[in-house]
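Chemist: build me a model:
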Amino acid sequence: QVQLVESGGGLVQAGGSLRLSCAASGSIFSIDAMGWYRQAPGKQRDLVAAITSGGTTTYADSVTGRFTISRDNAKNTVYLQMNSLKPEDTAVYYCNADIIYYSGSYYSNGDYWGQGTQVTVSS
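Modeler: Predicted coordinates for the structure are as follows:
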C-alpha cells in the first residue's frame, strides 16, 4: 500500500557533496515526520536528521552545519543535502516516514522504511 524509494547515494571524495531523495507512494492520506537514518557496518542504525510536516528539523550533532534536511509535501518527498562529507559519514542511509494511509474504507497509520542507499566517502 505504501512504499518509500530512495535515490542519490554513491561514492564521493572527502569534502564533496551528495543529495539523497526519498519519495513515498501509495494510498497516502498524510505524512507526519520524515527522517534519515544511517547504519555503518557493525554499528546500530542512528538518526541523522528528521523533519516534521510543519518543517521543524532535528539533526545529529555529528552532521549539524553540514547536512540539511528538507521536504516537498506536494510530492511526498524528503531530501538530505550532504556537504563537506567525511569518511566517517560512510554508511547505508535509510529513509523513514510516519504515514497515514487509506486502507479500504478506513484510515490506518504505519512507520515505513526505504530499502537503503549506500553512501561511501573516500579519504
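Chemist: could you pull out the strands for the protein?
Modeler: 2-7, 10-13, 18-26, 28-39, 46-51, 57-59, 67-72, 77-82, 91-103, 106-113, 117-122 (DSSP state E).
Chemist: most packed of those?
Modeler: strand 77-82 (a mean of 22; mean count of other Cβ atoms under 10 Å). C-beta here means a position set from N, CA and C on the backbone, and glycine is covered the same way.
Chemist: which strands border that one, and is each parallel or antiparallel?
Modeler: strand 18-26 (antiparallel), strand 67-72 (antiparallel) (DSSP bridges).
Chemist: tabulate those strands in JSON lines, adding columns for distance to Ser122.
Modeler: As requested, the strands paired with strand 77-82 are exported to JSON lines (distance: least, Cβ to Cβ, whole Å):
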{"stretch": "strand 18-26", "distance to Ser122": "12"}
{"stretch": "strand 67-72", "distance to Ser122": "18"}
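Chemist: as CSV, the ones you listed with mean pLDDT and distance to Leu80 would be great.
Modeler: What follows is the strands paired with strand 77-82, written out as CSV (pLDDT from 0 to 100; distance: least, Cβ to Cβ, whole Å):
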stretch, mean pLDDT, distance to Leu80
strand 18-26, 97, 4
strand 67-72, 98, 5
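Chemist: with adjacent residues omitted, what lies nearest to Ser70?
Modeler: Distances taken as Cβ to Cβ, 6 or more residues apart in numbering put Tyr79 closest to Ser70, at 5.0 Å, once the chain neighbours are dropped.
Chemist: quick one: the one you found from Tyr106, how far?
Modeler: 31 Å (Cβ to Cβ, to the nearest Å).
Chemist: re earlier: with respect to Ile99, which of the strands paired with strand 77-82 lies nearest?
Modeler: strand 18-26 (6.4 Å; Cβ to Cβ).
Chemist: picking up where we left off before, the residue nearest to Ser70 touches Ile51, doesn't it?
Modeler: No. Tyr79 is beyond contact range of Ile51, at 9.4 Å (criterion: Cβ atoms under 8 Å).
Chemist: overlap in contacts, those two.
Modeler: Ile69, Ser70, Arg71 (Cβ atoms under 8 Å, 6 or more residues apart in numbering).
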